[in-house]
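>>> quick one: sequence plus predicted model below, questions after.
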Amino acid sequence: MISGAQIRAARAFLRWSAEALAKRSRLGVATVRRAEAAEGEPPITLANADALRTVLEAAGVMFVDENGGGAGVRLKKKPLAVAEITEKIHALDEKIATIPVEGPPSPEIGMNRLKKALVQNERTKLKNRRAKIKKSEPK
C-alpha cells in the first residue's frame with residue numbers, strides 16, 4: 001500500500017489540489033486529506049487507496065517501493081508523439097539549411113561543418129525514434 005507521504009508527494013508533482021485529486025478519484029476531500037496526513041499506511045480502505053493510486057499512476061506518477069532506500073515517487077518520462085518528433089525533424093532540417101559550409105577552408109567553415117554534422121546526427125536519431133514508434137503502433 002502507498003503511504004500518506006507518497007500521496008502528498010505525487011499530488012505535489014502533478015500540482016493538483018486535494019480537491020482535484022478527490023474529484024478525479026471519486027473520493028471525498030476529507031478522505032484524501034486523511035490519507036495524506038498519515039505518516040505510514042493511510043487510515044483509509046484498500047479500495048480508496050487503490051482508487052488514489054490508480055488515478056495518480058494514470059497521470060504519470062510512479063510509486064517507488066521501500067527497497068532499502070526509502071519509499072518514494074517519481075514522474076514517468078513522457079515519450080514524444082510521432083507528430084512532435086516530425087515537428088522537431090522539420091525544425092532541424094531548417095536549421096541545417098541555414099548553416100553555411102561552402103567557401104574557402106577556414107576555422108569558421110570547419111566549425112560550421114561540425115555544427116551541421118551534429119544537427120544531422122540529432123535529426124537521424126529522431127527519425128529512427130519515429131520509425132520505431134510507427135513500427136510498434138497497432139495497425
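Happy to help now that I have it. The model shown is predicted, which means the values in this text are computed figures rather than measured ones.

>>> so what's the nearest residue to Glu19 once chain neighbours are set aside scoring on pLDDT?
Distance criterion Cβ to Cβ, 6 or more residues apart in numbering; nearest residue to Glu19, sequence neighbours excluded, is Val29 at 5.5 Å. (Glycine included, C-beta is placed from N, CA and C.) Turning to Val29, the model gives it a pLDDT of 96.

>>> list the residues that contact the spatially most distant residue from the centre of the chain.
Distance to the chain centre peaks in the chain at Pro104, reaching 45.6 Å (criterion: Cα atoms, centre = their mean). Contact partners of Pro104, counting by Cβ atoms under 8 Å, 6 or more residues apart in numbering, are absent.

>>> just how off-centre is the helix or strand bottoming out on mean pLDDT in the chain within its chain?
In the chain, no helix or strand scores lower on mean pLDDT, DSSP states H and E than strand 72-75, which sits at a mean of 88. With Cα atoms, centre = their mean, to the nearest Å as the basis, strand 72-75 stands 11 Å off its chain's centre.

>>> helices of the chain, start to end?
With helices called from DSSP state H, the chain shows them at 4-14, 18-25, 29-37, 46-58, 82-98, 107-136.
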